[in-house]
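Peer 1: Pasting the sequence and the predicted coordinates here, then a few questions.
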Amino acid sequence: MNGDQKVNEPVPSTYESVELPIDGVLDLHLFRPADVKDLVPTYLKECRRRGITSVRVIHGKGTGALRETVHAALRRTPGVLSFGLAPGDAGGWGATIVTLQIEE
């Protein structure tokens with residue numbers, strides 16, 4: 001709280017709500033790493049609901065920590081049939097391709 005705010009005034013949110021297009025490409029560069037473990041399953045569930053069965057998750061190359069977080073989330077997410085690193089022309093080891101089961 002800064003010196004100008006009163007005790008009962010709402011504190012402005014540091015994070016804004018982001019509306020994502022559900023198009024089969026999830027670019028995680030826009031998000032904090034701490035949000036990824038919940039975001040990935042939610043996004044994939046919505047893809048399945050819309051009949052999207054192939055998703056590219058862009059996590060970047062970096063140290064590989066975010067990639068491992070994504071892969072751990074994928075292992076726990078219902079409806080994930082398979083996943084693996086993207087081919088070179090789709091991001092290589094900076095992205096993961098996910099194959100989803102259609103939601104019934």
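Peer 2: All right, it came through fine.
Peer 1: Only the C-alpha atoms, please, for stretch 30-39, written as CSV.
Peer 2: What follows is stretch 30-39, C-alpha atoms only, in CSV (Å, rounded to 0.1, in the frame of the first residue of the first chain):
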residue,chain,number,x,y,z
LEU,A,30,3.0,-13.8,-21.4
PHE,A,31,2.7,-15.6,-18.0
ARG,A,32,4.6,-16.0,-14.8
PRO,A,33,6.1,-19.4,-14.4
ALA,A,34,4.1,-19.9,-11.2
ASP,A,35,0.8,-19.7,-13.2
VAL,A,36,1.8,-22.4,-15.7
LYS,A,37,0.9,-25.5,-13.7
ASP,A,38,-2.8,-24.3,-13.5
LEU,A,39,-2.9,-22.5,-16.9
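Peer 1: List the contacts of that stretch.
Peer 2: Under the criterion CB atoms under 8 Å, 6 or more residues apart in numbering, residues 18, 26, 28, 59, 65-66, 69-70, 72-73 lie in contact with stretch 30-39. Just so you know, the C-beta spots here come from the backbone N, C-alpha and C atoms, and that holds for glycine as well.
Peer 1: Isn't residue 44 up against residue 77?
Peer 2: Yes: between residue 44 and residue 77 there is a contact at 5.6 Å, judged by CB atoms under 8 Å.
Peer 1: and these two? which has more neighbours close in?
Peer 2: Taking other CB atoms under 10 Å, residue 44 and residue 77 do not tie; residue 44 has more neighbours (23 against 18).
Peer 1: Look up how far residue 97 lies from the more buried one.
Peer 2: According to CB to CB, to the nearest Å, residue 44 stands 12 Å off from residue 97.
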